[in-house]
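Student: no sequence for this one, just the structure:
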């Protein structure tokens, strides 16, 4: 399947996802305001961190090995069963840690033990979202696009409805608890509609050492990426709260949400098309495919970012409320950073596809350190805008470092 065709199908799902998120975003902004956004953002990044550990970063490994063994049912069973056992054990270990350290986690994230019960319930729900993601990874590897899209759309619509109902009746508390409920809902949907497609006798007790070792490389890469991002966001949001206040943290979190929404389309195309494609290409073919993708992504993201910047006076009050008008003073460098980020991501997928663990892990850690360090420095002199300037500079550095990391694969190819 071509990049354009897969992008078209993804555009349908992503369009629905973006629309529903914008609706949820608007209602959330009206009911909880910037301060609520900051607290909710802390929970979302805590969840992202928990999911990373529950899955142990096996998502991309599952996609790669499933795509390479699509016509081998016995191998598929080994891959899926091994991944299932990894997810199950990890999820229960994480739940035990959450139960033991619930108070410390609450104080660390919110400077208050008020959210202990919220953390316990969300910790218990991580198992379900981890299994949901595993099922989607299997469908991705099988390139079962229609089933993948159907599950994604259904999950998005139902979870959005639940989030709106929760925030309407119970404000911030309801929105936080809806995270756990949504995890259970999406797991139920994926089980209902994916079992027939898989049609394999899979057991959590099965474990294949060969595939476990193969997935370790992907685990390190995926974990480094997710952990670096989640910890960076938690650090920076806490930094803003302590320096500029909770309201300012909510404004910055809103800018981050806008980025996440419009990057969703390109990122979803990457997830379904790029990793399997890059895995099968070598040398000049790989370079040719990269430039073909960049010729599509650059004008697309340029148009999107320019449209966002020049229509701020309309969409800020429309998507949020007048309380969020300060977004306009800090978003420019976030948009510039996003233009670089999307192309840096493409290079990162080459490292993942070619199992270049060391290079990928190092680039992610270096990016996180640069982002956090520059944010710490610049917020003192530039205020809240210093965070988005740091974001832009960190991704500029990341793009340069990624090019160095792929030089032996892409620019001066060896046998990959």
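Tutor: Nice, I can see it. Worth saying up front: this structure is predicted, and the values here are computed from it rather than measured. Residues are numbered from 1 along each chain as shown.
Student: Pass me the low-pLDDT residue ranges in the stretch 51-200 of the chain, would you?
Tutor: 196-200 (pLDDT under 70).
Student: Could you list the buried residues of the helix or strand encompassing residue 378?
Tutor: Residue 378 belongs to helix 357-382 when assigned by DSSP states H and E. For helix 357-382, the neighbour count (16 or more other CB atoms under 10 Å) marks 357, 359-361, 363-364, 366-368, 370-372, 374-376, 378-379 as buried. For every residue, glycine as well, the C-beta is placed using N, CA and C.
Student: How about stretch 77-92?
Tutor: The neighbour-count check on stretch 77-92 (16+ other CB under 10 Å) flags 77-88, 90-91 as buried.
Student: Now tabulate those residues in JSON lines and tack on distance to residue 15 and secondary structure.
Tutor: Shown next, in JSON lines, are these (distance: CB to CB, whole Å; DSSP: H, G, I helix; E, B strand; the rest coil):
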{"residue": "77", "distance to residue 15": "35", "secondary structure": "helix"}
{"residue": "78", "distance to residue 15": "37", "secondary structure": "helix"}
{"residue": "79", "distance to residue 15": "32", "secondary structure": "helix"}
{"residue": "80", "distance to residue 15": "30", "secondary structure": "helix"}
{"residue": "81", "distance to residue 15": "35", "secondary structure": "helix"}
{"residue": "82", "distance to residue 15": "35", "secondary structure": "helix"}
{"residue": "83", "distance to residue 15": "30", "secondary structure": "helix"}
{"residue": "84", "distance to residue 15": "32", "secondary structure": "helix"}
{"residue": "85", "distance to residue 15": "36", "secondary structure": "helix"}
{"residue": "86", "distance to residue 15": "33", "secondary structure": "helix"}
{"residue": "87", "distance to residue 15": "30", "secondary structure": "helix"}
{"residue": "88", "distance to residue 15": "34", "secondary structure": "helix"}
{"residue": "90", "distance to residue 15": "33", "secondary structure": "helix"}
{"residue": "91", "distance to residue 15": "32", "secondary structure": "helix"}
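Student: Could you list every helix and strand in contact with the helix holding residue 378?
Tutor: Applying 3 or more CB pairs under 8 Å, 6 or more residues apart in numbering; DSSP states H and E, one finds that helix 357-382 contacts helix 209-243, helix 331-353, helix 385-405.
Student: quick one: that helix to helix 209-243, angle?
Tutor: Helix 357-382 and helix 209-243 are oriented at 0 degrees to each other (axes from the mean of the first three to the mean of the last three CA atoms, to 10 degrees).
Student: quick one: residue 35 from residue 241, how far?
Tutor: For residue 35, the distance to residue 241 equals 9 Å [CB to CB, to the nearest Å].
Student: out of those two, which sits in the busier spot?
Tutor: Using other CB atoms under 10 Å, the more surrounded residue of residue 35 and residue 241 is residue 241, with 21 against 17.
Student: Model confidence score at that one, please.
Tutor: Here, the pLDDT recorded for residue 241 equals 92.
Student: Let me see the contact set for it.
Tutor: Listed by CB atoms under 8 Å, 6 or more residues apart in numbering, the contact set of residue 241 reads 38, 111, 248-249.
Student: Mind checking which of these are buried?
Tutor: Taking 16+ other CB under 10 Å as the criterion, what is buried in the contacts of residue 241 is 38, 248-249.
Student: Give me the lowest-pLDDT entry from those.
Tutor: Of all these, residue 38 has the smallest pLDDT value, namely 92.
Student: my guess is that residue meets residue 249, correct?
Tutor: Yes: counting by CB atoms under 8 Å, residue 249 is a contact partner of residue 38 at 3.7 Å.
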